[in-house]
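Enquirer: 3D model of this:
(chains A and B)
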Amino acid sequence: MSETPATLLLVEDEPEIRRFVRATLCAEGYRVVESATGRRGTIDAGSHRPDAAIVDLGLPDMDGLEVIRSIREWSPMPIVVLSARSHERSKIEALDAGADDYVTKPFGVGELLARVRVALRHAARPADGGMVLRLEQATVDLERRIALRDGAELRLTPIEFRLLACLARHLDMVVTHRTLLTEVWGPSHAGDTHYLRIYMKQLRDKLEADPVRPRHLLTETGVGYRLRETTDD
Amino acid sequence: MNAARTWVGYAWAVAATSACTLAGLAMRARFEPVNIAMVYLLAVVVVALRASRGAAIATAALSVLAFDVLFVPPYGSLHVDDPQYLLTFAIMIAVALVIAGLRDRLRREAEAQARLAAEAENENVRATLLASISHDLRTPLAVIAGASSSLAERGERLAPEERRALAQSVFEQSRELSEQVSKILEMTRLESGGITLARDWSSIDEIVDSVLRRQEARLASHRMMVDLAPDLPLVRVDAALIEQALGNLLENAARHTPAGTVVRLRARVHDGELVVTVEDYGGGIPPGDAERVFSKFHHGTLEGGGGIGLGLSICRAIVRLHGGHAWAERVPEGGSAFHFALPIEPAPAMPREGMAPA
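Expert: The predicted structure is shown next:
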């Protein structure tokens, strides 16, 4: 990070949470703009033009979803959401509204930093789905549609390739069931989660060292899936 | 329903009076009319005890009518020759009223008593809840307050590794606290019926994997063994809730069995249900406690197990919400097994797909 430090917008009403998040982000070399309300946040997003936003979903003046939507109207900047535990539905809504990832409260700063780093990296060089995935046991060339496992060719179906490509476009980030189903099978199948369960199992059987304890094709229960290339982190 | 009960009461009145009339006709040759009146009186008492005040009065009135017409001279008319029968009628009505009144009072008292008992039980539950919360939440709070004040006030005098250890314990204890608070909220939501299931076709393999990742730190002290039957069917459940139910079983095993022992997680199909089992090799549930462990705020026997005793009740409530059931048993070779079973529905078909052209 030798260039100018990235600017992060933090929209959070709790001053104590802002305090430790700001302290941590600043210690990591980021510049932080703080907004205590949703309204302030949408204005600050326009005037400060941050590189990414961290948005709390439970704001007093307006729904965090509104903040996300209003930013998405004009900017593709990465948005990481802070959400309360066991509110899968609000996480899904936030992701469907355009957020890139979420961290569940209470969170450790390590988790938040990891998500922010991935989101920034992703914004800097968006994956186009035509990349080569290097997993522990297998390599998948998504553009040429060639998969190898331990050097031998591995046969993947067209849908398996498409599913993998969709996950790879959001590498290291969560992708909701709805997004996957819509992009791979089409909008009329947005609710057919059983398709996903069956295909994810097939993919794990083919690509994972231990399909029951996958290290690349990870489940985000009730929300979606996350593809990880490297297993350290 | 109340109207139906009223009608049943009047039906009783008619039936009892008719039965007495038949009996009276049979007795007529050999008994004084006054003894027949006693039979009617019995009917009034029985109806007054069993049905409403109105039905009791109706029985008395019908009895007086029938008695007067059939058994008091001149027969076949309502005219009464002997004034002593008027006394009989008055007594019959009075008995009906007194007995119905007594019965109403008894009923009201019984209801009041039941209400008091229910309130007392509620009060008891609330007291247990408060005692439990204050004990189980205060311990992590005490650690957090102590460790953080030490860091804030004496931080610069502590060795770096001590500082790190204190900060770490603040972090861990606050996570613990947060989980306990979530459990209390979850139980409240489950009990108030405030949860609508977000059911989706879900894979138990994925739920198991996710819960094991989430609980990795807690389960690190035990030897985890996972045994999933191949090709388990999909289940239409709220995966986040089922993950929580399973997580609570694992947490329970880790809390209440000695470190280093085996915790075994199994899933299989049995009798048309998906059965998930968490088995441990700790002390086992005390005999006769297999049902009690699921009650709210029940604490296990292992000292220092922690937790507020809600995990298993939440697990059962979640599973029941899905039309399933949860139970526990002692394992013969020592230890306990906690199971839950979820109904299996046929999954919808999915179009088959050919292989990619090479």
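
Enquirer: Now stretch A:157-167: buried residues?
Expert: A:157, A:159-167 (16 or more other C-beta atoms under 10 Å in any protein chain shown). The way it works is simple: take the backbone N, C-alpha and C, and place the C-beta from them, glycine included.

Enquirer: which two in the residues you listed are spaced the farthest apart?
Expert: A:Thr157 and A:Leu167 (15.2 Å; C-beta to C-beta).

Enquirer: How confident was the prediction at B:Phe338?
Expert: In this model, B:Phe338 is scored at 94, pLDDT.

Enquirer: tell me which element it is part of?
Expert: Following DSSP states H and E, the helix or strand that holds B:Phe338 is strand B:336-343.

Enquirer: so what secondary structure elements neighbour that strand?
Expert: When contacts are defined as 3 or more C-beta pairs under 8 Å, 6 or more residues apart in numbering or on different chains; DSSP states H and E, strand B:336-343 sits against strand B:235-237, helix B:239-256, strand B:273-280, helix B:311-321, strand B:325-330.

Enquirer: got the contact list for A:Ala119?
Expert: Listed by C-beta atoms under 8 Å, 6 or more residues apart in numbering or on different chains, the contact set of A:Ala119 reads A:52, A:78-80, A:100-101, A:173.

Enquirer: Please give the element, helix or strand, for residue 205.
Expert: With no chain named, the answer covers chain A. Going by DSSP H and E, A:Asp205 is in helix A:193-207.

Enquirer: Correction: the question concerned chain B.
Expert: Element membership of B:Asp205 [criterion: DSSP H and E] is helix B:204-214.

Enquirer: Next, the contact list for residue 70, please.
Expert: Assuming you mean chain A. A:42, A:45.

Enquirer: if you could check chain B rather than the one you did, that'd help
Expert: B:21, B:24-25, B:76.

Enquirer: same thing but at 10 Å, please
Expert: B:21, B:24-25, B:28, B:33, B:36, B:76 (C-beta atoms under 10 Å, 6 or more residues apart in numbering or on different chains).

Enquirer: what do you get for B:Gly260?
Expert: B:221-223, B:281.

Enquirer: let's see it at 8 Å
Expert: Contacts of B:Gly260 (C-beta under 8 Å, 6+ apart): B:221-223.

Enquirer: how far away is A:Leu227 from A:Leu142?
Expert: For A:Leu227, the distance to A:Leu142 equals 11 Å [C-beta to C-beta, to the nearest Å].

Enquirer: Common neighbours of these two, please.
Expert: By C-beta under 8 Å, 6+ apart, the residues touching both A:Leu227 and A:Leu142 are A:133, A:164, A:168.

Enquirer: Confirm that the first one lies within a strand, as I assumed.
Expert: Yes: with DSSP: H, G, I helix; E, B strand; the rest coil as the criterion, A:Leu133 is assigned to a strand.

Enquirer: Share the number of residues neighbouring it, please.
Expert: 20 (other C-beta atoms under 10 Å in any protein chain shown).

Enquirer: and what of the one 5 residues further on?
Expert: Around A:Ala138 there are 20 other residues, counting by other C-beta under 10 Å.

Enquirer: Please apply the same query to A:Leu142.
Expert: Quick note: A:Leu142 (other C-beta under 10 Å) scores 23 neighbours.
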